[in-house]
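Student: how would this look folded up:
(3 chains)
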Amino acid sequence: MPERARKIRVSCVLNGSASSFEAHPMARLLDVLREDLKLTGTKEGCGEGECGACSIEMDGVLVNSCLVPALQAQGAKIRTIEGVAIGESLHAVQQAFIAHGGAQCGICTPGMILAALNLLARHPEPDDAQIREGLSGNLCRCTGYMKIFESVVAAVRRAETGA
Amino acid sequence: METRVIGKSVPRKEGREKVTGRARYVDDLSFPGMLHGVTVRSPAARGRIRAVHFEGDIPWHEFTVVTAKDIPGKNCIALLIEDQPCLAAEFVSHPEEAVVLLAHHDKYLLEEARRSVRIEIEPLPGLFSIEDSLAQKEIIWGQDNIFKSFYVEKGDVDSAWARAEFVVEGTYETGAQEQLYIEPQGMIAQVNGAEGVTVWGSLQCPHYVHKALMILFGLPRERIRVVQAETGGGFGGKEEYPSMIAAHAALLARKSGRPVKIIYDRAEDMVATTKRHPSRTRHVTAVSRDGKLLAMDIDFTVDGGAYETLSPVVLSRGTIHAAGPYACANVRIRSRAVATNAPPHGAFRGFGAPQSVFALERHLDRVAEAVGIAPEELRRRNFIREGQTLAVGQVVKEKVDMNALLGRAFELSGYHAKRKQFAAENSDARGAIKKGIGFASFLHGAGFTGSGEEYLASEVAMEAMADGSVHILAGSTEMGQGTNTIFAQIAAEALRLDCEQIRIVQPDTAHVPNSGPTVASRTAMIVGKLVETAATKLLKTLRDSGFLREGYSAEDFSRACGEYITAHRELKSFVKYEHPRDLHWDDQKYSGDAYGAYAWAVYVAEVSVDMRTAEVRVNDFVAVQEVGRVINPVLAAGQIEGGVAQGIGFALYENVVWQEGRMVNAQMTNYVMPTSVDLPAIRVCFEEIPYGRGPAGAKGIGELPLDGTAPAIANAIAHATGVDVRAIPVTAETLLEMLEAVHA
Amino acid sequence: MRAYLPAYEMETPQDLAAALERLAAESGVWKPFAGGTDLMVLLEAGKLPHKKFLNIWNLEELRGIEVRTEHVTLGALTTYAEVQRNETLAREFPLLCRAAAATGSVATQNRGTLGGNIANASPAADSPPVLVVYDAEIEIVSAGGARWVHYASFHTEYKKMNLHAGELIRRIRLTRKHAGWKQYFRKVGTRRAQAISKICFAAAARMEAGRIADVRIAVGSVAPIVLHAVRVEESLRGQRPGDAVLQAAQDALSAEITPVDDMRSTARYRRQVARNLLGEFLEVLAG
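Tutor: This is a model prediction of the structure:
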């Protein structure tokens, strides 16, 4: 039997609430979220930081949760897709993804929405190049991205008009 | 025609679950006591299995270990035939072929164990190219390495050569392409005495998996149950391979007595599962002085990999589409699928057509050049029209106007002006950027080929509930393309209800009838029509019962359902596909009505080529198509845009690097698909001519965009650089070499 | 996840001194772990042989960009995102910002660090050619003290570097002497975003009356380590950009680089494109 090291306890703020878990220090935050904390909205597409399906927000910046060791989540503020809607009330970006065809198979969608939110936090009124750049770490095989761009633009317009 | 919901972009039925992360994909499911399973694979491409060694510091007694000996029924993944083993027993025929299965509750220990199994193989020489397979350097399948061949003949090709002003020849190649759905494949299985075998998974065709498991386990129909979980993209990649993973998970579950989950990681998914068939096409074309196609002699070969799987069907579609939307009196198509020692190539959106259409549309630009006319002029002089006959002998009975599609595509793309402008700008020899514009015109048949739909005999059921909600029961799957939503629209339209009142029952072989596989651009047109018919029947029953008045409201409908069910217990309808009597197909001659309907299209690509790096960028893309009535414009445009994006990948980026039958760049870092900054604006335009036999006039759409994208880009690159592109993907490396040759 | 995870250990030292003490006490046992963008990929693939890591991500001593009269100093944990946001860097060291923007995705840029990139020693990394061009110096610290080395001589052969057990890269120093230099950066990757370089070319020159008074050129992915093209530089110094000068420089470059075929590109491609990019650089100088 191979040697086993001890697990550690990690405390963080997850989707606005204090949370703690036990994990191997180098366990992927992705696995901790999905398996230990049962937040399966964050997806795994490649396990190498390439596809962005596991994107979450950590201390205000976008990260690939497959590349974050559990230990580094200590004290962090984390937001996953489960923390985007308020109750049953969807965020404008989520509504726009439904209305404008931004989601097809849906597997990239949680990560894509986190990336879109992060983009809008940095550029509240992004131009086409900024949208493309901001989402370029999130691969989508279904849409060809056009409807995703339209969804982001629609969400911005919605925020502007307050509609 | 005035419609309620057809033609409207109603929101995706399962959209809310998807944007909130609540949609449950297979890896999101968990069962009490569940074990994880992994597959130990062949290190060699071809050879005899000498021994399997379980080594290392591993508590092997804790593991469930399955080999071919543990298979209760037949050791095969039943598809068209039963040649592919579920687990290799004596021989391996491709790298990464499954040999041993392991299960354990600890995922991490399981990986350590997987590394500690050593499969000892006595190697045999393998075949790794179409050429070597055809040359029969080894015989690895049947008598001649050929899975299937077709011969299509129209008119008399050989009589045409003498009359021809020009004879143009060329050979074209396309590479393997990975489907690259973002959700890797996975399955969970549970086996127990009472219920038999149940699997949940990411899949396109529940009834394919069902059939494979029946034969593998030797169990009757009712003891196998297949449930589709939310599926994160398929594109053909989850058509046949899920049967393999389901079989593996079920064997482990049977032996361990526990539920077993197998989820492939990206590397395993890429290295072990199917890809688009690599192809080679040779064209010899006879043309008159005025650019009429006198004869087309086409020789089309696809690399099927180590087992037959779906290769005959892929070859069939590729063969039928090889001569395109042109009226040529004399056509001969010879085609074959050959065996090599690579993992079997399989279904991928387009299904053989993108390969043969690439060859044809690239070739026709060369033909036009030989004749000395513009490429569009050559097409115009040969486009097929209503009443004319396609290569397989099918008389086109639909309204078709390829000229109009071409005109529209040229107008939207500014084709003529740009063609001139780029030619002038490119003549400056020192310019670092060359621009080009090119196009492809093509067709794609919807539904299964020939008598395929007749054999499938798809079924759909519908049930209304006492509260007035209407359930659609079908085996057709949602994997992002919009099945749920368009089915709801079709039913809602026929019943004069809103989409919210329609519910799609989760595909589960225990509860839904077999509406056939979700492939071949058949779901909207064929199954959608069955949904429409089922709705019409249901409505008639309700009307005839006297519970529902004319000009009813949604409330009236619900009340009537309640009253009917109180009186008659249930309100259901059931329909089965009936093949139109006027569609005839001869499987022996391979001729007749290949498809009930075709989608027709012209795509235009504009590219720039950086002459210093040979990098190609697609700057603009216009996709004009006629697909019958569009059921949901947002979803339909999404299908085309996504398909074009995959086509751009096929043309420029996606290069499988092979080493003795094994994909060596099996990471998303090294097998690159386009990101959001690599794609142009993709502009989609639908011309709508309602198709009488489609639901509300719809035809198929899903595969179409894969056919024309790559040749349009290749033709644009040729226009930009003068390089005679013969193979895709056009990587910067290959283009640089071609540019050097042109300028040498 | 293919690694046997329970075998891996990671600990977080209090501060830099504690980290260095730890590294010194158990020589070779612990390796530093920063943003994880390289190491976690290896872990996932089951290809991370080392098992014990010190988490240095929280060490404030390794963070921050400090602008002084002579130098700009960047903590080893400076992320690519931070590089792009810094105005002084954008003005005086634009190539570093461009390399940072060309590295990975938004998410990678938030976690990937300059120090980690240097220590990872990939010949295909995007910022090292720029660090060579700017003649960056790096400070290496250990429990025993600190030393400064020129980055250009830091890497010795493939994945080998002038860094001993117990040592840590603390910061990177750029001398503010490139104002007015003509600067050029081009990454040719497998695609336009989050791509791995097939070739990465960075160069800068100080022009005097149309002549190249001083020049620095470095190229990634054409040799086992980032190539400092000293012979090309020699051939260009004192010259006016022109066809003959270009030809000589290209020949020098061809002699200096040793590209290989791999799954991302070919030696032939890298060789030709390196020559072409040199040509593009000279056009920038002439223009």
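
Student: Apart from its neighbours in sequence, what residue is nearest B:Ile717?
Tutor: Closest residue to B:Ile717 apart from its sequence neighbours, by CB to CB, 6 or more residues apart in numbering or on different chains: B:Val725 at 5.4 Å. For glycine as for every other residue, the C-beta is placed from the backbone atoms N, C-alpha and C.

Student: ok, now which ones touch that neighbour?
Tutor: The neighbourhood of B:Val725, defined by CB atoms under 8 Å, 6 or more residues apart in numbering or on different chains, consists of B:362, B:714-715, B:717-718, B:738.

Student: Local confidence estimate at A:Met1?
Tutor: Among the per-residue scores, A:Met1 shows a pLDDT of 58.

Student: In chain C, where's the longest strand?
Tutor: For chain C, the longest strand by residue count, based on DSSP state E, is strand C:197-208.

Student: Show me what secondary structure element comes after that strand.
Tutor: strand C:211-220 (DSSP states H and E).

Student: for that next one, which positions count as buried?
Tutor: Buried residues in strand C:211-220, defined by neighbour count with 16 or more other CB atoms under 10 Å in any protein chain shown: C:212, C:214-220.

Student: just those residues that are near chain A?
Tutor: When those are checked against chain A using CB under 8 Å from any CB of the partner chain, none falls in range.

Student: May I have the phi/psi pair for the nearest residue to C:Thr258 once chain neighbours are set aside?
Tutor: Distances taken as CB to CB, 6+ apart put C:Ala223 closest to C:Thr258, at 5.1 Å, once the chain neighbours are dropped. For C:Ala223, the backbone dihedrals (degrees, to the nearest 10) come out as phi -160, psi 170.

Student: Can you tell me the number of residues neighbouring C:Ala223?
Tutor: Counted by other CB atoms under 10 Å in any protein chain shown, the residues lying close to C:Ala223 total 19.

Student: A:Leu114 now?
Tutor: Neighbours of A:Leu114 (other CB under 10 Å): 29.

Student: Confirm that it lies within a strand, as I assumed.
Tutor: No: counting by DSSP: H, G, I helix; E, B strand; the rest coil, A:Leu114 falls outside a strand, being helix.

Student: coming back round to it: now, which of the contacts of B:Val725 lie within helices?
Tutor: Judged by DSSP state H, the contacts of B:Val725 include B:362, B:714-715, B:717-718, B:738 as members of helices.

Student: Quick check, pLDDT for whichever residue of chain C sits closest to chain A.
Tutor: For chain C, the residue closest to chain A is C:Ser105, as judged by CB to the nearest CB, at 2.3 Å. Note for C:Ser105: predicted pLDDT of 94.

Student: May I have the phi/psi pair for it?
Tutor: When read as degrees, to the nearest 10, the backbone of C:Ser105 gives phi -110, psi 180.

Student: wait, does the strand or helix carrying B:Lys435 contact chain C?
Tutor: If you go by DSSP H and E, B:Lys435 is part of strand B:433-446. No: against chain C, strand B:433-446 shows no contacts by CB under 8 Å from any CB, the least distance being 11.8 Å.

Student: before we move on, back to that, of the buried residues of strand C:211-220, closest to B:Lys148?
Tutor: B:Lys148 lies nearest to C:Gly220 out of the buried residues of strand C:211-220, by CB to CB, at 48.0 Å.

Student: Now the closest one: closest residue in space, sequence neighbours ignored.
Tutor: C:Gly220 sits nearest to C:Cys200 (CB to CB, 6+ apart), 3.6 Å away.

Student: Could you show which parts of the stretch 101-250 of chain B are in contact with chain C?
Tutor: Residues of the stretch 101-250 of chain B found near chain C (CB under 8 Å from any CB) are B:107-109, B:111-112, B:115.

Student: in chain A, what spans have low per-residue confidence?
Tutor: Judged by pLDDT under 70, chain A has its weakly predicted residues at A:1-3, A:162-163.

Student: Quick check: closest non-adjacent residue to whatever residue of it ends up closest to chain C.
Tutor: Here chain A gets closest to chain C at one residue, A:Gly137, 2.3 Å apart by CB to the nearest CB. Closest residue to A:Gly137 apart from its sequence neighbours, by CB to CB, 6+ apart: C:Ser105 at 2.3 Å.

Student: where do the helices sit along chain A?
Tutor: Ranges of helices within chain A are A:29-31, A:92-99, A:109-122, A:128-134, A:146-161, based on DSSP H.

Student: Among the ones you listed, which comes closest to B:Arg612?
Tutor: helix A:128-134 (22.8 Å).

Student: And the average pLDDT for stretch C:218-227 is what?
Tutor: Average pLDDT, stretch C:218-227: 96.

Student: give me every residue that touches whatever residue of chain A ends up closest to chain B.
Tutor: Nearest to chain B in chain A, going by CB to the nearest CB, is A:Gly41, at a distance of 2.0 Å. Taking CB under 8 Å, 6+ apart, we find A:Gly41 in contact with A:80-82, A:110, B:20-22.

Student: so A:Val63 makes contact with C:Gln109?
Tutor: No: using CB atoms under 8 Å, A:Val63 is not in contact with C:Gln109, being 10.2 Å away.

Student: Those two: which has the busier surroundings?
Tutor: Taking other CB under 10 Å, A:Val63 and C:Gln109 do not tie; A:Val63 has more neighbours (28 against 24).

Student: distance of the nearest residue to that one once chain neighbours are set aside from C:Arg63?
Tutor: Spatial nearest neighbour of A:Val63, chain neighbours left out: C:Ala107 (5.2 Å); criterion: CB to CB, 6+ apart. Distance of C:Ala107 to C:Arg63, computed by CB to CB, to the nearest Å: 19 Å.

Student: So those two - more neighbours on which side?
Tutor: Using other CB under 10 Å as the criterion, C:Ala107 and C:Arg63 rank with C:Ala107 on top: 32 against 17.

Student: need the contact list for residue 148.
Tutor: All of this is about chain A. Going by CB under 8 Å, 6+ apart, A:Ile148 touches A:97, A:102, A:112, A:116, A:135, A:140, B:676.

Student: Hmm, no, I was thinking of chain B.
Tutor: B:308, B:311-312, B:315-316, B:336-337.

Student: Secondary structure element holding it?
Tutor: Counting by DSSP H and E, B:Lys148 is found in strand B:146-154.

Student: Relative to that strand, what are the paired strands and their orientations?
Tutor: strand B:330-339 (antiparallel) (DSSP bridges).

Student: thinking again about what came up before, what's the neighbour count on the residue nearest to A:Gly137?
Tutor: Residues near C:Ser105, counting by other CB under 10 Å, number 27.

Student: The stretch 351-500 of chain B against chain C: which residues are in contact?
Tutor: When proximity is defined by CB under 8 Å from any CB, the stretch 351-500 of chain B lies next to chain C at B:Ala432.

Student: For whatever residue of chain B ends up closest to chain C, give me the pLDDT.
Tutor: As assessed by CB to the nearest CB, chain C sits closest to B:Arg612 within chain B, at 3.9 Å. On pLDDT, B:Arg612 comes in at 97.
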